[in-house]
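A.B. asks: below is the structure, and that's it, no one-letter string:
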């Protein structure tokens, strides 16, 4: 093998400038606003990988772009999958979210952790592989709609790989956090409830009551990260307020509604507090009933597989159009039985609101890879060799791994250290971006050995 001269850490490419370029590109995916990412970012990734010896192309499905690159031939195929689209910015940023702000080894910016820091790790991996011909087929893909469900990104990529005989044996989804080997992810069952606006009149005083989302030890607003009993959801707090004040009715609502999987930072109810001597004012019976039903919905019970993170119903979007209230709930569970979920919601809403429409969509499925698979056992040994402190367990969100859960030799999700995913002041550890690139290279070396990995290792164990 012929190697190129790198620095003492084995890295010639600098992670920080690469992340700075990627963060500066506005790749917000926002279905509500009809916004898709521009070609600038996938084109940059494509050209970068081409300079590193990869054959690259851009796949297009319904306007969604995916960069797909590959290099090498061998007995097996490995897919490294990330995404370049990001969620809307939201409120509370201390700096420009599209200008990387580096403080020590933390780099702040929208998408820095989810998921552009992961893309930089894959670019660094590609640079390492450019030194020699890899002993297997290495594929690197970056999709443009993971934040919208992945149908035209990872979903389309899956079909493309099958059609071209490139379906991977191993899949590493570079869409995680905290250098955690994620082998399980819950499903998302998008749920929409519609009720007709119903106006009525009562005597009372009009007030405005504001509720804020409060999360423990993090600013993330990703609804998958929410932990009931520890965190406070603004919509559910408003529902409890009405539960504690049953005579209060609701006239209207304002809120920081951003996206299906983003908890609103705040909501503000315009309420009427009963006062027999006050003037008669108008309120909305349907909106009042809908808010009273939020807490029961969040506690709805339906059959699922076990999850460390449990089952959660997160009411994230509410809008009024043509006298019809539409509530979107982000449902996270280890099931794809939409009918059971629908029945549970119907029961929790009964007697509280007249349902105009209730739709629970089947998700893409949940992921539950075997912890003792060759891939994950190889990953633990590679992480230990690189001196990376890692954990193994369940991930919070529902990544593009759902489209590759049937990979023959297994899959897992992984990502750098960072925080505030989908929230203000999102950040990533620059050091961990480089550590992950080294880990991925070592993982390929372990998988390439002729002798199969013989068992999951633990810190201090001998090599497999």
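C.D. replies: Cool, the structure landed. Source: prediction; values computed, not measured.

A.B. asks: name the element the residue nearest in space to the middle of the chain belongs to?
C.D. replies: Among the residues of the chain, residue 397 comes closest to the average C-alpha position under Cα atoms, centre = their mean, at 4.5 Å. With elements delineated by DSSP states H and E, residue 397 resides in a region that no helix or strand encompasses.

A.B. asks: how deep is the closest residue to it other than its chain neighbours tucked in, by neighbour count?
C.D. replies: Sequence neighbours aside, residue 224 is the residue nearest to residue 397 in space, at 4.2 Å (criterion: Cβ to Cβ, 6 or more residues apart in numbering). (Glycine included, C-beta is placed from N, CA and C.) Other residues near residue 224 number 22, with proximity taken as other Cβ atoms under 10 Å.

A.B. asks: what's the residue nearest to the centre of the chain sitting at in phi/psi?
C.D. replies: When quoted as degrees, to the nearest 10, the phi and psi of residue 397 stand at phi -80, psi -170.

A.B. asks: residue 203 too?
C.D. replies: Summarising the backbone geometry of residue 203 under the convention degrees, to the nearest 10, its torsions are phi -100, psi 130.

A.B. asks: repeat for residue 70
C.D. replies: Recorded main-chain torsions at residue 70 are phi -150, psi 160, according to degrees, to the nearest 10.

A.B. asks: the nearest residue to it once chain neighbours are set aside sits in which helix or strand?
C.D. replies: Distance criterion Cβ to Cβ, 6+ apart; nearest residue to residue 70, sequence neighbours excluded, is residue 139 at 4.4 Å. Element membership of residue 139 [criterion: DSSP H and E] is strand 137-143.

A.B. asks: and the next helix-or-strand element following that strand, what does it pack against?
C.D. replies: With elements assigned by DSSP H and E, the helix or strand that comes after strand 137-143 is helix 154-163. Using 3 or more Cβ pairs under 8 Å, 6 or more residues apart in numbering; DSSP states H and E, the elements in contact with helix 154-163 are strand 55-61, strand 64-71, strand 77-83, strand 137-143.

A.B. asks: any idea of the mean pLDDT for the third one?
C.D. replies: Translated: strand 77-83. Strand 77-83 comes out with an average pLDDT of 98.

A.B. asks: how about the following helix or strand past it, which residues are buried there?
C.D. replies: For strand 77-83, the following helix or strand on the C-terminal side (DSSP H and E) is strand 101-103. If you call a residue buried by 16 or more other Cβ atoms under 10 Å, then strand 101-103 has these buried ones: residue 101.

A.B. asks: quick revisit: contacts for the strand holding residue 139?
C.D. replies: Contacts with strand 137-143, where a contact means Cβ atoms under 8 Å, 6 or more residues apart in numbering, come from 42, 45, 49, 54, 64, 66-74, 76-85, 119, 122, 125-126, 129, 150, 153-154, 157, 161, 166, 168, 400, 444.

A.B. asks: count of neighbours near residue 121?
C.D. replies: Applying other Cβ under 10 Å, we find 28 other residues in the vicinity of residue 121.

A.B. asks: just to revisit the earlier point, nearest to residue 19, out of the helices and strands packed on helix 154-163?
C.D. replies: The closest approach between residue 19 and any of the helices and strands packed on helix 154-163, judged by Cβ to Cβ, belongs to strand 77-83 at 12.8 Å.

A.B. asks: just checking, what packs against the top helix by length along the chain?
C.D. replies: Residue-count comparison of every helix in the chain, with assignments taken from DSSP state H, identifies helix 430-447 as the longest. Using 3+ Cβ pairs under 8 Å, 6+ apart, the elements in contact with helix 430-447 are helix 15-24, strand 77-83, helix 117-129, strand 170-173, helix 374-385.

A.B. asks: same thing but 6 Å
C.D. replies: Helices and strands touching helix 430-447, as assessed by 3 or more Cβ pairs under 6 Å, 6 or more residues apart in numbering; DSSP states H and E, comprise helix 15-24, helix 117-129, helix 374-385.

A.B. asks: adding distance to residue 94, write those out as JSON lines.
C.D. replies: What follows is the helices and strands packed on helix 430-447, written out as JSON lines (distance: least, Cβ to Cβ, whole Å):
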{"stretch": "helix 15-24", "distance to residue 94": "15"}
{"stretch": "helix 117-129", "distance to residue 94": "19"}
{"stretch": "helix 374-385", "distance to residue 94": "33"}
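
A.B. asks: adding mean pLDDT, write the ones you listed out as JSON lines.
C.D. replies: As requested, the helices and strands packed on helix 430-447 are exported to JSON lines (pLDDT from 0 to 100):
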{"stretch": "helix 15-24", "mean pLDDT": "97"}
{"stretch": "helix 117-129", "mean pLDDT": "97"}
{"stretch": "helix 374-385", "mean pLDDT": "97"}
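
A.B. asks: any idea which of the ones you listed gets closest to residue 216?
C.D. replies: Among those, if distance is taken as Cβ to Cβ, the winner is helix 117-129, at 23.3 Å.

A.B. asks: quick one: contacts of that closest one?
C.D. replies: Residues from elsewhere that reach helix 117-129, judged by Cβ atoms under 6 Å, 6 or more residues apart in numbering: 13, 15, 18-19, 48-49, 52, 80, 82, 140, 142, 174, 415-416, 428, 433, 436-437, 440-441.

A.B. asks: and the strands in the stretch 301-450 of the chain, which stretches?
C.D. replies: Assigned by DSSP state E, counting those that start in this stretch, the strands in the stretch 301-450 of the chain fall at 312-321, 324-333, 357-360, 367-368, 391-395, 411-413, 418-419, 427-429.

A.B. asks: quick one on the thing from earlier: what angle do the longest helix of the chain and strand 137-143 make?
C.D. replies: 140 degrees (axes from the mean of the first three to the mean of the last three Cα atoms, to 10 degrees).

A.B. asks: picking that back up, wait, is the residue nearest to residue 397 part of a helix?
C.D. replies: Yes: assigned with DSSP: H, G, I helix; E, B strand; the rest coil, residue 224 falls within a helix.
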